[in-house]
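>>> Okay, sequence plus prediction incoming.
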Amino acid sequence: MIATVSQIITDFIKVNRIDYDPTYSRLSKLHKYWARKPWFVIEKYISRYSNEKDLVIDPFCGSGLMGLEAAIQHRNFIGYDLNPIAAFLANNTLLVDFDTDSFDNEYKVIENDLKKRIMDLYAHGDNYVLYSIPGIKNTKDYNAVLTDYDLKLRKKVTIDLSSVVSEIVIPSSLYYPDKAFPTKFYKDRFSYKGVRTVSDMFSKRNLLALALIFNRIRSSEFKYKSLFLLAFTNTLLHVSKLKAENVRPLSVNNFWIPDDFIEENVWWRFSDRVRNVRIAKTALLQRVTTGVSGPLGSHRILNKSSLCMDEIKDSSVDYVITDPPYGDAIQYSELSYIWNCWLGLDYDIQDEVIINPVQGKGIEEYVVQISKSIDEIMRVLKNRGYFTLCFHNKDSRIWIKVAELLRDAGLTVVDIASYDTFGSPYNKSWASFSPKSDIYLTMQKSSSKAYRHNNRVLDPQQIAQDICSYLVVSNGSTFNLNKAYDLFVAVLVIEIMQGNGIADYSKLNIKSIVQLFEVVLKDGNFQGRFF
């Protein structure tokens, strides 16, 4: 157990430089998904808190990166995720058997069958449409960008887009999902624009091109069929109405259709996604064949809720590392809807751990579900086994409730640290200030449930003053709001888990915490507990 909050702060601000191969990081970009953790950080934690042949589990495995790192380090792994696309991604992430020539030959078959037919859909004279701008509020002096067959030319032009739609006919033999969106989405910014079904998210030309590719892959007996489907699903949002020249799909936490959306050339986007898969799998193969000795650990991905892990016996897991849903920050079932529909996968949202008023799930329901998850983790975790919780939330109140659950489960803190998030999570762009890192809280299970409740109640302003005193005075550094915020959350968590209370914690949020720091800095009194 870390003895004092002072020591926590000292350890927390240490710079943990980790050298890593940036090429291998392409594996984390196999497919758009959320809360991707830096693989080199996960590697460090698995190595530190488990041993070879240990059983490692991730109850919310997402795209499966933690499972891959566990297998590479000769641990056995079980991952759970209720989202079908997550299970699909995780199984593809954990696919290590990769032969470049076989993959290239299979792609060549797809290319020979479809490239000319699809490219003809975008032909304009001697050139091809790279993308057009059919959105209703295009303010540019052009509505299309043309290029040549080899993508060497770029030319902005104005062309007649209406004639394209009238000429498109999608054969009845081609499958594509025409499933309606649920009548109620918590984050609905598309239905008022006339989008009612999944197919409505695409122009008719792009829908035909997508149907051609999907049906060709689905009917194949390719060895790497799942990888081509991976590339296909990672194409979908880029060629939908969710994209504009300056807007990437899902750059906000909902399906938002910009008024100036573009229609991107499907073949070129698909071929680019295939290339990404090839690069990532080649890098993985290189790492496994040159940097790893011995067979990889076993792995199993289960597409089900981890609130009941009945496949795992009591006290049989050596290490748990997981990144649970962050309340209402990411609406997994809603934002995965297009992918799951194309793959014909159903998402049972009853046990989705989420804050979603449309589902009738608020903070209380979320806390109940997280509590069930912690109980199940405690059941399967061995005595003295370790549990690392990766968390990233803009609401400190949720952090406090989670810390109370962990405390009452009898877990003991052994380490807490923060690392920058991987990619560009939503929280980075929600406000003038928002969390820009993940906190990794590692705990150990003790032999008995020891409830820790003290009568001490801490003042949040005093915590802010303590942090300022350390950062500005004792450490002699320039005040950094991002680091200060992370420290504030870390101190809250540790104090709660040591049995202390926090005054007025229900009023704590990003805005109020930032204001606390502003008051302390303006006052200039940094005589805190750690000075």
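Yep, it's here.
>>> any idea what Leu237 is structurally, helix, strand or coil?
helix (DSSP: H, G, I helix; E, B strand; the rest coil).
>>> Look up the pLDDT of it for me, please.
Listed pLDDT for Leu237 reads 97.
>>> Would you check that it makes contact with Val247?
No: counting by Cβ atoms under 8 Å, Leu237 does not reach Val247; the two are 11.3 Å apart. Using the backbone N, CA and C atoms, a C-beta is placed for each residue, glycine as well.
>>> and the end-to-end length of stretch 188-196?
Start-to-end span of stretch 188-196 (Cα to Cα, to the nearest Å) is 11 Å.
>>> what residues does it touch?
180-181, 185, 200-201, 241, 254-257 (Cβ atoms under 8 Å, 6 or more residues apart in numbering).
>>> out of those, what pair is the most spread apart?
Spatial extent of these (Cβ to Cβ) is set by the pair Ala180 and Trp256 at 19.0 Å.
>>> Between those two, which has more neighbouring residues?
With neighbours defined as other Cβ atoms under 10 Å, Ala180 and Trp256 compare such that Trp256 has more, 19 against 12.
>>> remind me, longest helix of this protein?
helix 266-291 (DSSP state H).
>>> next structured bit after it?
Following helix 266-291 in sequence order, the next helix or strand is strand 299-302 (DSSP states H and E).
>>> and that next one, what does it pack onto?
Judged by 3 or more Cβ pairs under 8 Å, 6 or more residues apart in numbering; DSSP states H and E, the packing partners of strand 299-302 are helix 65-72, strand 76-80, helix 84-93.
>>> Give the rounded mean pLDDT of it.
Mean predicted lDDT for strand 299-302 stands at 97.
>>> which residues touch the closest residue to Phe98 other than its chain neighbours?
Nearest residue to Phe98, sequence neighbours excluded (Cβ to Cβ, 6 or more residues apart in numbering): Lys281, at 4.3 Å. Shown in contact with Lys281 (Cβ under 8 Å, 6+ apart): 27, 95, 98, 103, 227.
>>> From the residues you listed, pick the one nearest Ser371.
Scanning the contacts of Lys281 for proximity to Ser371, where the rule is Cβ to Cβ, the winner is Leu27, at 33.5 Å.
>>> and that closest one, how many neighbours does it have?
Using other Cβ under 10 Å: Leu27 sits among 21 other residues.
>>> Check the spacing between it and Ser63 real quick.
Separation of Leu27 from Ser63 (Cβ to Cβ, to the nearest Å): 10 Å.
>>> any residues in contact with both of these two?
Each of Thr93 lies in contact with both Leu27 and Ser63 under the rule Cβ under 8 Å, 6+ apart.
>>> lowest-pLDDT helix or strand in the chain?
Every helix and strand of the chain was ranked by mean pLDDT, DSSP states H and E. The lowest is helix 5-12, at a mean of 66.
>>> From the contact counts, what lies against whichever helix or strand comes after that one?
Downstream of helix 5-12, the next assigned helix or strand under DSSP H and E is helix 39-49. Judged by 3+ Cβ pairs under 8 Å, 6+ apart, the packing partners of helix 39-49 are helix 65-72, strand 317-322, strand 381-391, strand 437-445.
>>> Helices of the stretch 151-300 of the chain, residue ranges please.
162-167, 204-218, 225-236, 266-291 (DSSP state H, counting those that start in this stretch).
>>> Can you add distance to Pro84 and give the ones you listed back as JSON lines?
Listed next are these as JSON lines, based on distance: least, Cβ to Cβ, whole Å:
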{"stretch": "helix 162-167", "distance to Pro84": "33"}
{"stretch": "helix 204-218", "distance to Pro84": "16"}
{"stretch": "helix 225-236", "distance to Pro84": "11"}
{"stretch": "helix 266-291", "distance to Pro84": "20"}
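>>> That'll do, ta.
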